[in-house]
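Enquirer: Could you look at this predicted model? Sequence included:
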Amino acid sequence: MSLMDGLSSQLGAALGGNPDQLLQEASALIQGHAGGLQGLIDKFHASGLSEQVTSWIGNGSNLPVSAEQIQSVLGSSVVQGFAQKLGIPVDQAAAHLSSLLPSLIDHATPDGQAAGSGDLLGAGLAALKGKLFG
């Protein structure tokens, strides 16, 4: 099973067949983050997760990040807000973000560079949706 197949299965099971909502909320989280995509990337670097976030931006495979690391980087209030929007427990929301953010950031940086443009994030989200739901 490929990574994209696994994400699709996980998203569908998590939200009762509405993985699109999870993708939309994760995209909104990135866009709403102070500094957008680049701000979020900078926050991962500042939190000691440079190796992970660099792998997501680069062209190789994406290194994993744990739910606990996601909560540490984003802050519990951000993860709680994300969970509330989706109607799921906070620990489940953090787990989904730990699976989804590496792929979203990877697809939003197709040339190995983060641009501050929301259009780039939208294009990355569209590409990821195409691979997930085909």
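Expert: Cool, the structure landed.

Enquirer: Neighbours of residue 33, how many?
Expert: 17 (other CB atoms under 10 Å). Bear in mind the C-beta positions are built from the backbone N, C-alpha and C, glycine included.

Enquirer: nope, residue 48 is what I was after
Expert: By other CB under 10 Å, 11 other residues sit near residue 48.

Enquirer: cool, the one 4 residues further on as well?
Expert: The number of residues packed near residue 52 is 21, by other CB under 10 Å.

Enquirer: ok, now residue 67?
Expert: Burial of residue 67 is recorded as 18 neighbouring residues (other CB under 10 Å).

Enquirer: Lowest-scoring secondary structure element of this protein by mean pLDDT?
Expert: One helix or strand of the chain scores below all others by mean pLDDT, DSSP states H and E: helix 3-14, with a mean of 52.

Enquirer: Start from the N-terminal end of the protein and give the helices.
Expert: Ranges of helices within the chain are 3-14, 19-32, 36-46, 50-57, 67-74, 76-86, 90-108, 118-133, based on DSSP state H.

Enquirer: what's residue 68 in contact with, if anything?
Expert: For residue 68, the contact set (CB atoms under 8 Å, 6 or more residues apart in numbering) comprises residue 94.

Enquirer: show me the contacts for the closest residue to residue 45 other than its chain neighbours.
Expert: Leaving aside its sequence neighbours, residue 45 sits nearest to residue 53 (CB to CB, 6 or more residues apart in numbering; 6.2 Å). Residue 53 makes contacts with 41, 44-45, 105, as judged by CB under 8 Å, 6+ apart.

Enquirer: gap between residue 53 and residue 84?
Expert: 26 Å (CB to CB, to the nearest Å).

Enquirer: go on, residue 75?
Expert: From residue 75 to residue 84 the distance is 14 Å (CB to CB).

Enquirer: Next, give me the two most distant ones among the contacts of residue 53.
Expert: Farthest apart among those by CB to CB are 45 and 105. That separation is 12.2 Å.
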